[in-house]
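Novice: sequence-free structure coming up:
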Ligand SMILES: Nc1ncnc2c1ncn2[C@@H]1O[C@H](COP(=O)(O)OP(=O)(O)OP(=O)(O)O)[C@@H](O)[C@H]1O
């Protein structure tokens, strides 16, 4: 198997919520929110990543904070390219900035269209890559989670990110069957915002919704009810107001979203050839992505599918690690169109 040996090749997880950069030989060196703050009047970039995220909902009129990725694909091309350039530069050591441009393995949702994939490849090159190699996100996630993706055994991965949930069964270096739905962490935040608006006539920001999700939200039945005070703007009086929400009511608000994720898993299992389904029964389903940290979601998936379910050790990093690791097998990918990696022209 031919190997790429350029030392500064990179793996990039260009996510809807977070962008991570993996440097060969070093591991994940950049973990930043996929957020950019722009000055609307001058068009200049004011902040990128964490600094920009801290500005969400707190900007004056001339600054706009944008999330250039939506549902796993590029929503704002120029901003994505500028942001990636910044992250790639940050990831590379100063010495290597003068060396050759890096090859970049970049993950894309498995349900991506050719046009959307082309945009990712072009943006990566615009950001400074010599060449860009797209890799299907669930394949990268499974590789990063340490599953035996190249072996003749069925591995099932469920990667729940910010914008997409990717479910795939992998065997012999290829995706045997998969589902990609645009329901994930962001959908949960939106469901929380909508619930609080309807129930309490209170408008809360996306960061408040995310803290509700991380602190008290649960999938399925709630055993121990928890409460959280939350601030927003009263839609009736227009004034700031604090209310208290419970995990039980939030769990109800999330029912549809959780159901959609469970359905994607079940649909994929239904399409899985019996031998591979037997392997998955033995080895279990592996969850990755930040969304897999929603409390009790692993148990709900396990109950609904009657399969063992495990959350990987570093759910937020699996895709980036897998993307980086896969750089070594680039030639292999070229002969596996199912993995979605093809050489770019
Ligand atoms: N403890 C937690 N509980 C629930 N959700 C969480 C937790 N931690 C992170 N998340 C959610 O995980 C999501 C981000 O996950 P991740 O970084 O894997 O996604 P991404 O790769 O950016 O998105 P995508 O793969 O869809 O493009 C966000 O929606 C975030 O709110």
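Specialist: The structure has been received and is ready for your questions. Since the model is a prediction, treat every value here as computed from it, not as a measurement.

Novice: which parts of the stretch 201-345 of the chain sit against the ligand?
Specialist: Residues of the stretch 201-345 of the chain lying near the ligand by C-beta under 6 Å from any ligand atom: 210, 213, 214, 289, 290, 291, 293, 294, 316, 319. Placement of C-beta: from N, CA and C, glycine included.

Novice: can you pull the contacts of the fifth one?
Specialist: Residue 290 makes contact with 17, 18, 160, 161, 162, 185, 315, 316 under the criterion C-beta atoms under 8 Å, 6 or more residues apart in numbering.

Novice: and if you look at the last one?
Specialist: Contacts of residue 319 were listed using C-beta under 8 Å, 6+ apart, and they are 13, 15, 20, 107, 137, 140, 141, 144, 159, 161, 288, 289.

Novice: could you say which helix or strand contains it?
Specialist: Assigning secondary structure by DSSP states H and E places residue 319 in helix 318-325.

Novice: leaving out chain neighbours, which residue sits closest to the residue nearest in space to the middle of the chain?
Specialist: Nearest to the mean C-alpha position of the chain, by C-alpha atoms, centre = their mean, lies residue 161 at 3.2 Å. Nearest residue to residue 161 in three dimensions, chain neighbours excluded: residue 289, at 4.4 Å (C-beta to C-beta, 6 or more residues apart in numbering).

Novice: JSON lines for the contacts of residue 319, including distance to residue 82, pLDDT and secondary structure?
Specialist: Putting the contacts of residue 319 into JSON lines (distance: C-beta to C-beta, whole Å; pLDDT from 0 to 100; DSSP: H, G, I helix; E, B strand; the rest coil) gives the following:
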{"residue": "13", "distance to residue 82": "18", "pLDDT": "97", "secondary structure": "strand"}
{"residue": "15", "distance to residue 82": "17", "pLDDT": "96", "secondary structure": "coil"}
{"residue": "20", "distance to residue 82": "18", "pLDDT": "98", "secondary structure": "strand"}
{"residue": "107", "distance to residue 82": "20", "pLDDT": "94", "secondary structure": "strand"}
{"residue": "137", "distance to residue 82": "23", "pLDDT": "95", "secondary structure": "helix"}
{"residue": "140", "distance to residue 82": "24", "pLDDT": "96", "secondary structure": "helix"}
{"residue": "141", "distance to residue 82": "26", "pLDDT": "97", "secondary structure": "helix"}
{"residue": "144", "distance to residue 82": "27", "pLDDT": "97", "secondary structure": "helix"}
{"residue": "159", "distance to residue 82": "26", "pLDDT": "98", "secondary structure": "strand"}
{"residue": "161", "distance to residue 82": "22", "pLDDT": "97", "secondary structure": "coil"}
{"residue": "288", "distance to residue 82": "28", "pLDDT": "98", "secondary structure": "strand"}
{"residue": "289", "distance to residue 82": "25", "pLDDT": "98", "secondary structure": "coil"}
